[in-house]
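Visitor: Dropping a prediction and its sequence here:
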Amino acid sequence: MPNAVSTGFAIPRLAIPALLLQTGGGKRAGEIYVMERVPQHAGHETALDMLNRPEGFFPFRPKDDGKAVLLVTKARTVTLTVPRTTTPEDPDRLSVARTGRLELMLADGSRLTGSATIELPQHHSRLLDYLNASAEPFFAITTADEIHVVNRAHVLYARPED
């Protein structure tokens, strides 16, 4: 579960463990900071909410250097992976959404497989519709234990699995 922390930011934040993959670099464990409350849904901000905010950078504290906070550019962020338990899920929304399995081929040659939660009208509920439904730079796919927030600009292609 996320921990409340006092940071240099004016709005109270929660620390969430995360695994960061950037272009030209390996994966790096650490934590991100999300707002305790957001207007668009109940509970705290999600990693997806945070990455889709208009600011170009976000704070990331690497696990291997707990004192340093890096200001990471979103444009060079390929994926940000967080434990599924850190993201509040709305059972009412999930009960009417469709789930689609897909495999992503990322620009660095890595593959990512998971499920997308498709909250679109029935006649527009294909994976193609999900991937094209938003102009926001990031989207999420989930596995049993994790949520992978993926930068659209770093996806070479998606392959539907169902």
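Guide: Here it is on my side, so go on.
Visitor: From here on, just use CA atoms for contacts and neighbour counts.
Guide: Fine.
Visitor: what number of residues lie near the closest residue to Thr117 other than its chain neighbours?
Guide: Leaving aside its chain neighbours, Thr117 sits nearest to Thr99 (4.7 Å; criterion: Cα to Cα, 6 or more residues apart in numbering). For Thr99, the neighbour count with other Cα atoms under 10 Å is 19.
Visitor: Next: Thr73.
Guide: Using other Cα under 10 Å, Thr73 has 14 other residues around it.
Visitor: try His154
Guide: Using other Cα under 10 Å, His154 is surrounded by 21 other residues.
Visitor: mind giving me the domain split of this structure?
Guide: 3-78, 91-160 (automatic domain parsing).
Visitor: For these, please prepare TSV with the additional fields distance to Arg84 and mean pLDDT.
Guide: Below are these laid out as TSV (distance: least, Cα to Cα, whole Å; pLDDT from 0 to 100):
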stretch	distance to Arg84	mean pLDDT
domain 3-78	10	85
domain 91-160	4	85
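Visitor: Contacts only, for Ser115.
Guide: Ser115 makes contact with Thr99, Gly100, Arg101, Leu102, Ile141, Thr142, Thr143, according to Cα atoms under 8 Å, 6 or more residues apart in numbering.
Visitor: returning to that earlier point: what is the helix or strand encompassing the residue nearest to Thr117 packed up against?
Guide: Assigned by DSSP states H and E, Thr99 belongs to strand 98-106. Other elements packing on strand 98-106 under the criterion 3 or more Cα pairs under 8 Å, 6 or more residues apart in numbering; DSSP states H and E are strand 111-118, strand 155-160.
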